[in-house]
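Asker: Have a look at this prediction, sequence included:
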Amino acid sequence: MTSQGSPSVSQPPARPLWRRALGPRLRAAGLALPLVAFVSVTFLGPMLSLLTKSFYDPEVADALPETMAALRDWDGQGTPSDEAFAAVAREFVAARQERTLGRTANRVNRVVSGMRSTIMGGSREMVDAAAAAEAAGVEMDGAFWRETMIGIDSRWGEPEHWRALQAAGQRLTARHYLKALDFERGPDGGYQRAPEVWRIYVPLFWRTFLVSLGVTLLCLVIGYPVAHMIANSPPKRANVLLLLVLLPFWTSLLVRTTSWIVLLQNQGIVNDFLVAIGLIGDDGRIAMIYNMTGTFVAMTHVLLPFLVLPLYSVMRAIPPAHMNAAVSLGATPFQALRRVYWPQTLPGVGAGCLLTFILAIGYYITPALVGGQSGQLISNMIAYHVQTSLNWGLAAALAALLLGGVTLLYVVYDRLVGIDRIGLG
Amino acid sequence: MRSSGAIVLCVVLVAGCRLAADPPPGSAPGSDAGERSITAVSYGGSYARAVVRGYHESFTEATGVRVDLADFQGGLAQVRAQVEAGAVHWDVVDLSVAETVSGCDEGVLELIDPSILPAGPGGELPEDDFLPEMNTECGVGNLLFSSIFAYNREVLTGPPPTRLADFFDLERFPGRRGVRRSPEAILEMALMADGVPKDRLYDVLSTPEGLERVFRKLDTIKDQVVWWDTSAQAPQLLADGEVLMTMAANGRIFNAQVLEGQPFVIVWDGQVLNRGQLAIVAGTPRLEDAMRFVQHAARAESMAGVGRYIAYSPARYSAEELIDRHFETGTEMWPHMPTNPANMKNHLMTDWQWWADHGDEMLERFTAWLAR
């Protein structure tokens, strides 16, 4: 740009280049500021604060400071010192009277299941014992509490339960991640696999991964021909077909999922039809819902548009002349499809599959409604820990692992295929 | 082609956002200037109707305070979450005794002074008039409900089941079973059906071997179980023929029997009785009205009002005498009540202290078992 005005004598000396460039850059950044602020407040902030909960848990340490101080030097063998017994008793009795002990007990219970009853049931008797001792004028020192507490519940004589208390009192902790990977701390402080009845998360991660993969492949198999048909129809027909793909898209997820219940349930339309035409007997109705089949069918249906649409927009960009040329040069239709058409659709396949897979891996409402017990995925467990057990630390750890898994997948995909090869048309 | 790609991307993103959106949370109570209101939470469906007719309406008439009804499916989770977040929008909650005791320990429920409890219609003192163990520090008893199992006579046409053990007998009664997705009552039922004497049941349940035994018993029917979450689902599953028998709250089955004429039959053998209470969420800004509401609900007339709509036994002796017939159909209510001696030949009273101490642990173990 050249200046049209007359040169001015009072023009300030030229500013360095970087400073001249700063103004427009700041203005450009300012335009993006509302979005950045919005994303930070509604997404990044809550996400970081939740992820923090997966390794930082100050609740027990804050509630029982004296106990934690007394347990700091305990080596985890035998029983702790008399001071620890006295500190625990003092803090339990006080917390019980302030009605805050229940929360602490819930937290400790997550480290070793059963600690809630030990703490709550025990503290009730400890309050009584303290009152009785005071009335009788007995001094309540560490030795007194050691004897009383072990008398109330023999678990106070076992190191395992003290270790649980000690572990729950650590502010920085890996225990949520250990639990999310079905591991636990052994008696010698090492890591070991959890007892078989408690190993649930790793199998669930696998199930989620496999279901998502299966649903993605199913969507691809069903969606590819559909996308091809829409892309190669005359505009009028293509619009109608596109509408058919989009229509379920605009229908509430809940409505679509519930319709599958109506269709697939034991006394549902599909089973009724099969019985009516005599293919199955009335007592041989097929269980197609409230199990893995239900999850697969409903998820494939819900996610199909996410694969069809990217594929469609990529396929529309492929000139039909390519296929014609291949065939006229002697390729069979299948060869033409495999060697000419398919490679050109790969960016769409990549985009669609990645999108479908990532959406599927976080699916939660659909499996909850139609999955029964065998069709539940890891997100349902995260929802359970957020809403029902209120173990947000574990929920955060599970979510972080899921997030890490998806990121890893993205990186692998980038290395193998190249993320820039993804095309949405 | 670029522009069509952009459009498609937009559609995908918009839809993605919509999919990700949570269902709307329960609407907050109205805050019209001048009008006072409280939010009372209970289990929805036919039970909610019974409490609205039973005492919500008469409370509003007497005090001018509007009662907003909210539904939940039991449990302390939402109460804990509201108190922890410092955003209390529920005031009075319908809970089981074990839950109020847990909540009381955690400080998420308000203490209720027993002196607010009203006398009975004949001047009966509350301490004599309430059934045993109905009131606790944070909870005022309102009713007794029962977990039973029931079947549909039109679906189960052969020889009928009569004992609790039949619910677990897939050989004599092949077919799917409806069970609530919660450890409550089903653990007790499984142990009773496995032959554990009632007086030793909770001792057995407290040992690792006892727990093993419960889940071994439950393993025998696990493949055939349809898990339900809301109380209203149980009669629906029976009516649809989705299950051969279902565990249910007795009042829900009763309502389907009298209001919809469903041919359901309740098996009272091995019924698990539990006490229901009203509790107040700690830190509610509407504490005074909430207390008055609990006081109003604790009148024998309120309990009898509920008992004229749904077959749950009142928490006061004086209310038992006020209950006669179903409000709409004129059905005699007493034969359907869980505390009727005819229905109590083999029953278990839930040990609320045990559940208060072990509830979270059982839920954790149960969830782990379900997920396997």
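Answerer: Structure received.
Asker: any idea what residue 112 is structurally, helix, strand or coil?
Answerer: Since you didn't name a chain, this refers to chain A. Following DSSP: H, G, I helix; E, B strand; the rest coil, the label given to residue A:112 is coil.
Asker: was after chain B, sorry
Answerer: coil.
Asker: Please identify the residues of the stretch 51-200 of chain A in proximity to chain B?
Answerer: Residues of the stretch 51-200 of chain A lying near chain B by C-beta under 8 Å from any C-beta of the partner chain: A:96, A:98-103, A:105-106, A:109, A:113-114, A:116-117, A:120-121, A:197-198, A:200. All C-beta atoms are positioned from the backbone trio N, CA, C, and that covers glycine.
Asker: hmm, try it at 10 Å
Answerer: Counting by C-beta under 10 Å from any C-beta of the partner chain, the positions of the stretch 51-200 of chain A adjacent to chain B are A:95-96, A:98-106, A:109-110, A:112-124, A:194, A:196-200.
Asker: which of those residues count as buried?
Answerer: Neighbour-count burial (16 or more other C-beta atoms under 10 Å in any protein chain shown) applied to those gives A:95-96, A:99, A:101-106, A:109-110, A:112-124, A:194, A:198-200.
Asker: Those residues in helices, which ones?
Answerer: A:95-96, A:101-106, A:109, A:115-124 (DSSP state H).
Asker: and stretch A:162-180, how far apart are its ends?
Answerer: The first residue of stretch A:162-180 is 23 Å away from its last residue (C-alpha to C-alpha, to the nearest Å).
Asker: in it, what's buried?
Answerer: Buried residues in stretch A:162-180, defined by neighbour count with 16+ other C-beta under 10 Å: A:162-170, A:173, A:175-180.
Asker: which among these gets closest to chain B?
Answerer: Closest to chain B out of the buried residues of stretch A:162-180 is residue A:179 (10.8 Å), distances taken as C-beta to the nearest C-beta.
Asker: Residue B:94 sits in which helix or strand?
Answerer: Assigned by DSSP states H and E, residue B:94 belongs to strand B:92-96.
Asker: In the sheet, which strands lie alongside that strand, parallel or antiparallel?
Answerer: strand B:37-42 (parallel), strand B:264-280 (antiparallel) (DSSP bridges).
Asker: and residue B:114, how far is that from residue B:94?
Answerer: Distance, residue B:114 to residue B:94, by C-beta to C-beta, to the nearest Å: 19 Å.
Asker: near chain A, which residues of the stretch 51-200 of chain B?
Answerer: So the stretch 51-200 of chain B meets chain A at B:73, B:75-78, B:80-81, B:83-84, B:101-109, B:111, B:137-138, B:174-176, B:181-182 (C-beta under 10 Å from any C-beta).
Asker: And for the closest residue to residue A:69 other than its chain neighbours, the neighbour number?
Answerer: Excluding the flanking residues, the one nearest residue A:69 by C-beta to C-beta, 6 or more residues apart in numbering or on different chains is residue A:87, at 7.4 Å. Residue A:87 has 22 neighbouring residues, counting by other C-beta atoms under 10 Å in any protein chain shown.
Asker: how about residue A:87, phi and psi?
Answerer: phi -60, psi -50 (degrees, to the nearest 10).
Asker: check contacts around it.
Answerer: Contact analysis of residue A:87 by C-beta atoms under 10 Å, 6 or more residues apart in numbering or on different chains lists A:64, A:65, A:66, A:67, A:68, A:69, A:70, A:71, A:80, A:81, A:142, A:145.
Asker: And residue A:66, by the same measure?
Answerer: Per C-beta under 10 Å, 6+ apart, neighbours of residue A:66: A:83, A:84, A:86, A:87, A:88, A:90, A:91, A:94.
Asker: Skip the chain neighbours and tell me the closest residue to the second one.
Answerer: Nearest-residue entry for residue A:84: residue A:70, 4.0 Å, with adjacent residues in sequence omitted and distances by C-beta to C-beta, 6+ apart.
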